[in-house]
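Chemist: structure for the following, please:
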Amino acid sequence: MPSIATAVPPTGRTEATLLDRDAWTALESDHQRRADALSAAWRARRQTGEAHPVDDFLFTYYPFRPSLLRRWHPGAGVVLDGTVGLDRHEWRWYSRGVGADQAIPVGASRVDARGFLETKSSTVAFIQNLLGHTAARPARFSCFGLHEWAMVYKVEADAVRHEALPLRLTAAQTDEVVEQNRITCSHFDAFRFFTPEARPANDRQLTRESQPQLEQPGCLHAGMDVYKWAIKLGPLVPGNVLLDSFELARDIRQLDMQASPYDVSAFGLEAVRIETAEGKKSYAAEQRRFAERSNALRRDIVDIIEHARLL
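Modeler: Here you go, the predicted model:
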């Protein structure tokens, strides 16, 4: 278990870990402080109406409120003692100790892993299958972030996807980068934003149905999506894994835009010029680091699901 250790006895079932109130409320407070720091700039911009085309993506493309990021869960198989009188005692997907269940002391709560798995069975199975197979595949490091370029290929100036950002090159030069490079995008949710003129240039035509068979760990967008899958698993996922996934997505997003055709220098980000050999080399090196980080989290999440199934 990636967060709080549990024991797996010979029966194959797991034994719960009991945390007293002081222990788990301290963990919760630490989590909330970390989550608040991660969302502070976004929340401040919401008050002023400002926009940040790089960082806002994590709160707009992924439709999850900062309050969900802030909500700490210990993960499946951990019993929280002393939850009476706190809101958590009534949270959805938690079971309360009432004396009949010896695994949960009176006044304590634990994640109702069995109920969550039964209700969300298809979602959990999809996530487990997708992340497990993605982590097991060889990573590809030859796309060089050209998906962002394919999204603006042969578009009018007023139809550019991130209209608030200027392009680094002229429209003709941007189109030339697409035409002179091999497009090898493997992520459907990036491919679906390609312009109609760019889609035939991709080395394969992607569909939602083919996603589990084609997703691979070198893909930046697949790495960002680890956050989406973690948050969809709700209380099964320990808070540290959720926030690690968010931080991964944040870091990947910066590289994604640095390597894009957009000029993001106004946000303190230096361009990764993938139209050059040196830029391609730099991009691929960063991809490798992100592949390692994302695969570690994928394996953690698969382990979390498998652990929950044993409860």
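
Chemist: all contacts plus neighbour counts: C-alpha atoms, from now on.
Modeler: OK.

Chemist: would you mark the buried spots in the helix or strand containing Gln128?
Modeler: According to DSSP states H and E, Gln128 maps onto helix 121-136. In terms of neighbour count (16 or more other Cα atoms under 10 Å), helix 121-136 has its buried residues at Val124, Ile127, Gln128, Leu130, Leu131, Gly132, His133, Thr134, Ala135.

Chemist: ok, those vs Arg46, which is closest?
Modeler: Arg46 has its nearest neighbour among those in Ile127, at 31.4 Å by Cα to Cα.

Chemist: touching, the closest one and Trp229? I think so.
Modeler: Yes - using Cα atoms under 8 Å, Ile127 is in contact with Trp229, at 6.5 Å.

Chemist: circling back to that earlier point, between the buried residues of helix 121-136, which is nearest Gln47?
Modeler: Closest to Gln47, out of all of the buried residues of helix 121-136 and judged by Cα to Cα, is Ile127, at 34.7 Å.

Chemist: separation between Ala277 and Ala40?
Modeler: 37 Å (Cα to Cα, to the nearest Å).

Chemist: which one of the two has more residues nearby?
Modeler: Taking other Cα atoms under 10 Å, Ala277 and Ala40 do not tie; Ala40 has more neighbours (13 against 10).

Chemist: which helices and strands does the host helix or strand of that one pack with?
Modeler: Element membership for Ala40 (DSSP H and E) is helix 21-48. On a contact count with 3 or more Cα pairs under 8 Å, 6 or more residues apart in numbering; DSSP states H and E, helix 21-48 meets helix 66-70, helix 239-258.

Chemist: tell me which of these sits nearest to Phe57.
Modeler: For Phe57, the closest of the helices and strands packed on helix 21-48 is helix 239-258, at 8.0 Å, according to Cα to Cα.

Chemist: from the chain's centroid, how far away is that closest one?
Modeler: 7 Å (Cα atoms, centre = their mean, to the nearest Å).

Chemist: looking at that helix now, give me its mean pLDDT.
Modeler: Averaging pLDDT along helix 239-258 gives 98.

Chemist: what's that helix packed up against?
Modeler: By 3+ Cα pairs under 8 Å, 6+ apart, helix 239-258 packs against helix 21-48, helix 57-60, helix 220-232, helix 277-309.

Chemist: please identify the deepest-packed of these.
Modeler: Per residue and on average, the most neighbours among the helices and strands packed on helix 239-258 fall to helix 220-232, with a mean of 23 (mean count of other Cα atoms under 10 Å).

Chemist: what's that one in contact with?
Modeler: The contact list for helix 220-232, computed with Cα atoms under 8 Å, 6 or more residues apart in numbering, reads 62, 68-69, 127, 187, 189-190, 215-217, 237, 241-242, 245-246, 248-250, 252-253, 256, 287, 290-291, 294, 297-298, 301.

Chemist: what angle sits between it and helix 239-258?
Modeler: Inter-element angle recorded for helix 220-232 and helix 239-258: 150 degrees (by axes from the mean of the first three to the mean of the last three Cα atoms, to 10 degrees).

Chemist: after the helix holding Gln128, which helix or strand is next?
Modeler: Where DSSP H and E defines the elements, the next helix or strand beyond helix 121-136 is helix 146-150.

Chemist: tell me what that following helix is packed against?
Modeler: Applying 3+ Cα pairs under 8 Å, 6+ apart, one finds that helix 146-150 makes contact with helix 171-180, helix 188-191.

Chemist: for the ones you listed, please prepare a markdown table with the additional fields distance to Met224 and mean neighbour count.
Modeler: As requested, the helices and strands packed on helix 146-150 are arranged in a markdown table below (distance: least, Cα to Cα, whole Å; neighbours: other Cα atoms under 10 Å):
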| stretch | distance to Met224 | mean neighbour count |
| --- | --- | --- |
| helix 171-180 | 23 | 16 |
| helix 188-191 | 11 | 18 |
